[in-house]
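Colleague: next one to model:
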Amino acid sequence: FTVPMAAAGKDWWFAAGVAGAAAAAGVAAGLLAGRQLSVPEAATEPSGEACGADGARGKSGMPWDKHGIDRTIELGEFEDRPEFAISTVRVLRTPRLQDTFPELDVRAANSSQRLSHLLKAEYAILGDIVRKVGHAPVTRAYVRAGPRPKLFFDPRKVRAGIMTVGGLCPGLNNVIRELTSTLINVYEVAEVLGLRDGLWGLHSDEPDEALRLTLDRVCGIHLCGGSILGSAPGGVSPELL
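Modeller: Numbering: from 1, shown residues only. Below is the predicted model of the structure:
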């Protein structure tokens, strides 16, 4: 790459060093891989148009080709390899509340204005990333997680409960914080409760023992270790659940 000199005289090397270091940070991966990186034109506002076969700019504002490949970095030529072809994709069936309690499914429209997009059934994640010549043309796949157009409950009538079960692991407070934030800000649920000490929290007849989770209460908990709800193994009671 070339760096335009913004300074003259004996200070040119300093300007080149600063500019070169900044540019190198963005292209180091491409250079280390031995591939040429082509710098795109000045950033443009996303057009919102679907990516076309002529490499039109899609929602990201970046150039994509008809295969959905980002051509900002030159990857070389692609060729068809029939020996790696997949003819059958087996999607893992995901249990749904609708299967067990069909009479309770209100199929409420997901009308949240804070979600960028809703996922339908046509999205899946392939499970077998590595392919080898001779492998059967079959692969596993999993339903892509994300917000759906229809909801089992009406969010504004929901009292949601969060618990941490089993042993402690890093990031539990982050999960509690983001779940609470999403339930309140995105889905506008009526109330979010934190059940203490895992499944044992369901055994209590005292509603005051549950921790009412609000945005203020979970604001800084991601900076603390452990779980603000506590965690414990056991407490499984099929009848109670």
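
Colleague: show me where the protein has its helices.
Modeller: 12-32, 97-100, 172-181 (DSSP state H).

Colleague: and the longest strand along the chain, what's its mean pLDDT?
Modeller: Selection of the longest strand in the chain by residue count, based on DSSP state E, yields strand 138-143. When pLDDT is averaged over strand 138-143, the result is 92.

Colleague: also stretch 91-100?
Modeller: For stretch 91-100, mean pLDDT rounds to 89.

Colleague: extract the CA atoms of that stretch and return them as CSV.
Modeller: Provided in CSV are the C-alpha atoms of stretch 91-100 (Å, rounded to 0.1, in the frame of the first residue of the first chain):
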residue,chain,number,x,y,z
VAL,A,91,-31.8,-30.4,10.8
LEU,A,92,-32.0,-31.3,14.5
ARG,A,93,-35.6,-31.0,15.7
THR,A,94,-35.9,-28.4,18.4
PRO,A,95,-38.5,-29.1,21.2
ARG,A,96,-41.1,-26.3,21.4
LEU,A,97,-43.6,-25.3,24.1
GLN,A,98,-46.2,-25.5,21.4
ASP,A,99,-45.6,-29.3,21.1
THR,A,100,-46.4,-29.8,24.8
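
Colleague: in the chain, what spans have low per-residue confidence?
Modeller: Along the chain, segments meeting pLDDT under 70 span 1-75, 204-208, 241.

Colleague: tell me where it has strands.
Modeller: 88-91, 108-109, 124-126, 138-143, 150-151, 159-162, 164-165, 191-194, 211-212, 231-232.

Colleague: look up how far residue 209 lies from the nearest residue to residue 211 once chain neighbours are set aside.
Modeller: Of all residues not flanking residue 211 in the chain, residue 194 sits nearest, at 3.8 Å (Cβ to Cβ, 6 or more residues apart in numbering). C-betas here are computed from N, CA, C, even on glycine. Distance, residue 194 to residue 209, using Cβ to Cβ, to the nearest Å: 10 Å.
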